[in-house]
Each structure stands twice: as C-alpha cells, then as structure tokens.
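Undergrad: Task: produce atomic coordinates for the following.
(2 chains)
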Amino acid sequence: MTYLFISTLGIYVAATVTALAYFTTQQEKLRGLGRLLLIAAGLAHTCYLVTRYLQAGHTPLTSNHDAVSFMAWAMTWGFLSFRYRYKVKNFGAFVTPLITLLMVVATLSSTTVRELPPALQSGWLPVHASIALLANSFLALAFCGGIMYLLLEGEIKKKRFGLFCERLPSLEALDNLNEHCLAVGFPLLTLGIITGSLWAKQAWGSYWHWDPKETWSLITWFLYAALLHQRFTMGWRRRRAAIMAIVGFAAALFTFWGVSFLLEGVHSYVG
Amino acid sequence: MSADTILALGLNHTIAPVAIREKLAFSKDCSRPLLALRALDGCDECLLLSTCNRVEVYFVSKSGAAAADAARKLLFAGTDLTDEEARRYTYFHQGADAVRHLFRVAASLDSMVVGEPQILGQLKEAFRLAGEHKAAGFLLDRLFTKAFFVAKRVRTETNIGGSAVSISYAAVQLAKKILGDLAGRKVLLVGAGEMAELAAEHLVGQGIAEVVVANRTYERAVTLANRFHGRAVPLDDLHAQLEAVDILISSTGAPGFILTRDEVKPVMRQRLHRPLFLIDIAVPRDLDPTINDVDNVYLYDIDDLMQVVETGKADRDQAAAAAELIVAHEAAKFGEWLNGLAVVPTIAALKKRSAALCQAELAKTMAHLGGLSDQDKKAVEILAQSIANKMLHHPMLFLKHEANGMDTQARLSFIRACYDLDETGGEEPERT
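TA: Residues are numbered from 1 along each chain as shown, chains lettered A, B, ... in the order given. Down below sits the predicted model:
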C-alpha cells in the first residue's frame, strides 16, 4: 500500500464527507468544494494507476485491487464528465460514497503484483478489461440514479416530504440521467463482451466457453438489453427503468465479484 | 325602509349538483336575464352573479318571498325542473341574512376552495354589469361597495387567501418536481372552476405549451379556453385528451368520480408510461384516490396540497373563524345603517339633534346674559326652538314626499349625511 494510494483514498473520503454535508446543509460553498476535492482525488488516482502500471510492467487490471480501483477511477471521471452536461443536484452525495466504498474494498485487497499467466499476456487485456470496467462504472452511476429516483418518487407518491424532495432534482432529470448512463454503459458492456470473446478465441481457441463469468455477463447484458428495448418500444421509463437499473447493476456486480469468488472458471485467476 | 327588503336567492356547489347548476349558468352574457329580473313586478333593484359554482340574484323588493318566487321561476325558466325541485336546489336569504351571505361570498368563505380570490373579481364584474344596465340602485350600490370592503378587510386581516394561492404554487412546484421543465407541457382543465383557473394561471406562467378545457357546457369551456389561448373540448373527450396531456386539473364538482383507476391504467399504456400529474381540487372529489397507485401517475387532491404547503387545518380554521367574525361585525354595522334608513327614526333623530343643539347654544348664551327675568328666558328659549323647527320644516317635508325625483333611501341617506345623523364623522359612508 503506497502513500499515494492512501492519500487518494483520503481525498475521496473528504470529497464524500463534503458531498454528504452539502446534501444535509444545502450550502452552495460545499457543493463547489466537493467537486474540487473529487477532481483532486481523480487526479491523484490517475497518478496512482500510472505507478501501478510502471510497477507491474503491464496494464494493472488483473488483481481485484486493481480492477476495483480502476472502476472507482472510471466512476469518478464518468461522474465528473457529465455533471457539466447535466446538472443533477446532489448526485454526488450518492456517487461519492459508492466510489469511496470501492476504494475501501481495493484497500482491503492484496496489492501484490503477480506474474501474468501466459493466457493473459495479450494486447486484448487492457482493451477488454478496461472496457468492461468502464461499462460497470456507468452502470453503477445508473444504479445511483435509480436509487435517487425511487427515494424521491416514494416521497411524492406517499405525499410525505422529508429529506429528498427539496434536495433531489426532478424525476424527469433523474430519468434522463438513467437514460444517459445506460446509453453510454450498454454499448460499453456489449463491447466488453465482444472483446472478451475475441480474446478468448485468441487465448483458448474458441469464442465462447460458457464459463460462469461469460454466462453471467450475458445475463447482465440481456437484462440491460431488455430494459433499453422496453424503454424505447413499450415506454418502460421512470419507475421501472429505475428498478431495472438497480437489478441490472446487482447482476453486473455479481458478474464482477460473485462469479470470481464463488464460481470456478477460466476467469477465476482474476481476483 | 326596512332591512328586510334586501333579498338573496341562489344556488351554489353545496346545495345543487353540477348538472343543475350548469343548466342555469348564464355563461356568456348576463345582460338579458338581468334585464328580465329587473322587469319583474316589485323588483326595485337587482344584480345577477353567475360563476361555475354559483348562480345568485341579489335584489331589493318590498314583496319579499313573492318576489323571490318570481325570480326563481325566471332563473329556472330554461330548465325542465318543477317548481318544487327548483325550491329544493336554491337558498333564499332575507334582510340581515342576505347581507351576511353576500359578505361571506365576497370574502370567499362560501367558495369551494375557501379563500380563492377569483370570486371577488366575478362579483365586481356582476356589479359593474348591474350598474351599466341601471339595475342596481342606491341600496345595492351601498351593499356591494360594503361587500368589497369586507372582502378586502378579510383578505388583509386574516390569512385566508394565503392557502389558495399557496395551493396553486405548491401544485406548480410539484409539477416541476415530477415533470422537470414545464415548458412545452400540456395541461387539461376538467370543469371550469375558479380554483382551476387560478392554478392554470400559475402554470401558464411557467411556460405551459397548451391549455385544454373540458367542460359539461361547451360554451363555458370555450370562454375559459380563450382566456389561456387554449382549446375547448367536450367532456366526453376526456379519455382521449388524457393520452396527450401531462397535467390534469379537475374541479367539476360532479357527485361521483369522473375518472377511476381502471380507466387510467390503459391510458398509461397508450401514453407509453409518460408521467401524469393529476390535481383534484373538487369537493367532493372527482378522481378516484386509488389512481395514485398506478405507476407514473401522481394524484394530489386539495387536502394533499394543503398538507404540502403545511397550512394545517387548524390554521385554516382559525383564519376562517377570524374572517367569519369580521363578516358578522360588518354585517351588523350594515344592518344598523340600514335600519336608520327608515323615515320615522330619521325624523326622530333629526329632532333630537336640533333639540340638543338648541340646549347647548342656549346654555352658552344664558351664561353671558345677566338680569333676565324668567319670562325673558322663556321667550329666548322659544325663539331658539322655533328657528330650529322652521329650519327643519322643509327637510322633513323633503323626507316625507316622494315626488321630487329621488327615491326614499336616497333622500334618507342624503338627509342623514347632511346632518351627520349616523355620527360617523366621515368614517364610513364615503366609500364608493
């Protein structure tokens, strides 16, 4: 564990605390401060990823520590990238805790750089792994949006306004957020599966092995495909879209961790 | 002049169902029915008020109930209701009760949404029309001027208007929370009530693209739609319209639900589940409360909105109670003024005033004059009194005789003002 990683984590924690403080107090100063802290964390994190690359000699995405840390990094920049396009009030209060949680998981995982097995020594590694993790990070953002949607909608439906009604943006804005995250996340997920399949062909000779990770990523893909299809044809918007974003992300998380830790397969040396 | 000559006859949302009200709501022009009322036997003055939720006639007549019967017949002339039914659906107030009723209406205490501000404007418009057609004379002039004053007092001294305005504000805020930007959205008004109008006004201020009005009587829908440069549709078209709009404000005052959950569900499929915000401000409610359970549909009734703006029921009741107190007080004051308008008490007051002046002036003069005999003193007193009496002779004749171009109330009022018999010191009668 390097000092750089620890300080990155520290800035993430500070950004999270600030975002939560902004959520509770609604003081505009805190909003700007939170964003600055998150940008600082993102920059420190970028430096850390570079040091990991130099340390390992290959793209550092093969251990759980690196994968989770990369996903947190991708979420940070994903979040920062479109908070300039969409103003989603207090989105940070939901996203930054999740990022920090991922960083804590990364902290708890081993940082040892292991020798790469021959099968993984390929140009596909950085492409496949980073695309898949980027997809996950956008699906995670959609998940946060889904949670926010359900919280706010619950208050409006029950007609009891508590924490969320004045703090969250409109249901419409949250639904747009859901659409935007999936519009980015789903093509990335598709690409992740395609590149994985191409890599599999190169490494093991066939495109598809029905390895648990492959099966679960396919299940996840179908979930999101169904959601998007229904959204555009049947009007599965809003509440259902929010629920599906949460269910879909649960499936994505299971694909990411559950499969690696619980099920045996060709991906099992990841993690 | 007795207070009992002031009569109020009419019907509102509490006594008559909307189907009855709309049969006799004079949507376009009240001039014709107003002139017909004016021409009735025994009707000295009259004024006709017609809104979505009420039709009322205020008139001055010495024949009391008989005049009310004639007016009721005239109001219901265009309907197929029997006389007995017409009687059941109307209220009739006389004298002090009529005054109090008008003051309550003007102060918006009798409205479907208590405190809604539109009624005062409608009342003023009715008053203007009555003046234009010379249907309102001295007494109604005075009565309505007072009513507007009472309404203003109630508005400034209690918070009664606050909740109605904040309700429509809350509706707009909620609409924004659900639909985001309101620009380009469509709103459907079902029923053309005053409160719906107010809410629509607020929404249009937010850039709503189109206002559609559905109403049982099409003409009224057209009138309201024109106000917002919108479109009028027949009420049967409600379901079809529901597919296209984003916000619905219902205020029909129909006896039952006009929209149920089972009717909304298929509409949502056709809408591709685009969210729908329903506002039910009717009492009794127009929209089945279980509609709120349908996905992406948000239904708020008037109580829900009240709860949102946190004007607790206790606050509202308190404001209403304070308003009622003002109304009662002002009605009593008006009643006193009205009673004073009789010839006999006016003459008595006039005599009393002159006697008091004589006594006061005599007392002052006697203090300076020394050495007068009792006989001399008596002579001076008689002199003073007879001058005063001679001065009063013509004013009294003026009061008693009708043949001088002014009616009794006007002459009474004139004399009372000349001699300041109400001892108002200018506080009251000048308001016009």
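
Undergrad: Compute the number of surrounding residues for residue 7.
TA: Unless you meant another one, I'm taking chain A. When neighbours are defined as other C-beta atoms under 10 Å in any protein chain shown, A:Ser7 has 15 of them. In short, each C-beta sits where N, CA and C put it, glycine included.

Undergrad: other chain: chain B
TA: By other C-beta under 10 Å, the residues close to B:Leu7 number 24.

Undergrad: So it sits against B:Ser63, correct?
TA: No. The pair B:Leu7 and B:Ser63 does not pass the contact test of C-beta atoms under 8 Å, sitting 9.4 Å apart.

Undergrad: Could you list the contact residues of the stretch 51-200 of chain A toward chain B?
TA: A:152, A:156-157, A:159, A:161, A:165, A:169-173, A:176 (C-beta under 8 Å from any C-beta of the partner chain).

Undergrad: now, the most widely separated pair of those?
TA: Spatially, the most separated pair among those is A:Lys159 and A:Asn176, at 24.2 Å (C-beta to C-beta).

Undergrad: quick one: which of the residues of the stretch 51-200 of chain A next to chain B sit in strands?
TA: Among those, no residue falls in strands (DSSP state E).

Undergrad: care to break the chain down by domain?
TA: Picking chain A for this. Listed domain ranges for chain A are A:1-111, A:123-271 (source: automatic domain parsing).

Undergrad: To clarify, I was referring to chain B.
TA: Chain B breaks down into these domains under automatic domain parsing: B:3-158+B:316-336, B:162-308, B:343-418.

Undergrad: now these as CSV including distance to chain A?
TA: As requested, these are exported to CSV (distance: least, C-beta to the nearest C-beta, whole Å):
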stretch, distance to chain A
domain B:3-158+B:316-336, 17
domain B:162-308, 3
domain B:343-418, 54
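
Undergrad: need those in JSON lines with mean pLDDT, can you?
TA: Shown next, in JSON lines, are those (pLDDT from 0 to 100):
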{"stretch": "domain B:3-158+B:316-336", "mean pLDDT": "88"}
{"stretch": "domain B:162-308", "mean pLDDT": "86"}
{"stretch": "domain B:343-418", "mean pLDDT": "83"}
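
Undergrad: For A:Val184, find the nearest of those domains.
TA: Distance to A:Val184, taken as C-beta to C-beta, is lowest for domain B:162-308 among the domains of chain B, at 20.6 Å.

Undergrad: start to end distance for the closest one?
TA: One end of domain B:162-308 sits 14 Å from the other (C-alpha to C-alpha, to the nearest Å).

Undergrad: what about residue 115, is that helix, strand or coil?
TA: By default, I'm working from chain A. Counting by DSSP: H, G, I helix; E, B strand; the rest coil, the backbone at A:Glu115 sits in coil.

Undergrad: right idea, wrong chain: chain B
TA: Under three-state DSSP, B:Gly115 comes out as coil.

Undergrad: got the buried residues for the helix or strand that contains B:Ser168?
TA: Using DSSP states H and E, B:Ser168 sits in helix B:160-179. Within helix B:160-179, the residues scored as buried using 16 or more other C-beta atoms under 10 Å in any protein chain shown are B:160-164, B:166-179.

Undergrad: what's the neighbour count on residue 100?
TA: The chain I'm using is chain A. The burial count for A:Thr100: 21, using other C-beta under 10 Å.

Undergrad: Please refer instead to chain B.
TA: 21.

Undergrad: same check, this time on A:Ala56
TA: With other C-beta under 10 Å as criterion, A:Ala56 counts 17.

Undergrad: What pLDDT does the model give the closest residue to it other than its chain neighbours?
TA: Residue nearest to A:Ala56 in three dimensions, not counting chain neighbours: A:Val113, with 4.6 Å by C-beta to C-beta, 6 or more residues apart in numbering or on different chains. pLDDT recorded at A:Val113 is 74.

Undergrad: show me the contacts for A:Val113.
TA: Listed by C-beta atoms under 8 Å, 6 or more residues apart in numbering or on different chains, the contact set of A:Val113 reads A:52, A:55-56, A:60, A:63.

Undergrad: In helices, which of those residues fall?
TA: Taking DSSP state H as the definition of helices, these contribute A:52, A:55-56.

Undergrad: Closest one of these to A:Arg35?
TA: A:Arg52 (25.7 Å).

Undergrad: is it true that that closest one touches A:Asp66?
TA: Yes. Here A:Arg52 reaches A:Asp66: they are 6.2 Å apart, a contact under C-beta under 8 Å.

Undergrad: ok, back up a step: how close does the residue nearest to A:Ala56 get to chain B?
TA: Relative to chain B, A:Val113 is positioned 48 Å away (C-beta to the nearest C-beta, to the nearest Å).

Undergrad: so where does the residue nearest the centre of chain A fall, helix or strand?
TA: The centre of chain A sits closest to A:Ser137, judged by C-alpha atoms, centre = their mean, with a distance of 2.0 Å. Using DSSP H and E, A:Ser137 maps to helix A:124-158.

Undergrad: helices or strands up against that helix?
TA: helix A:64-82, helix A:92-108, helix A:171-204, helix A:238-253, helix B:160-179 (3 or more C-beta pairs under 8 Å, 6 or more residues apart in numbering or on different chains; DSSP states H and E).

Undergrad: buried stuff in the longest one?
TA: Pointing back at helix A:171-204 there. Residues A:171-182, A:184-186, A:188-189, A:191-193, A:195-197, A:199-200, A:203 are the ones in helix A:171-204 that count as buried (16+ other C-beta under 10 Å).
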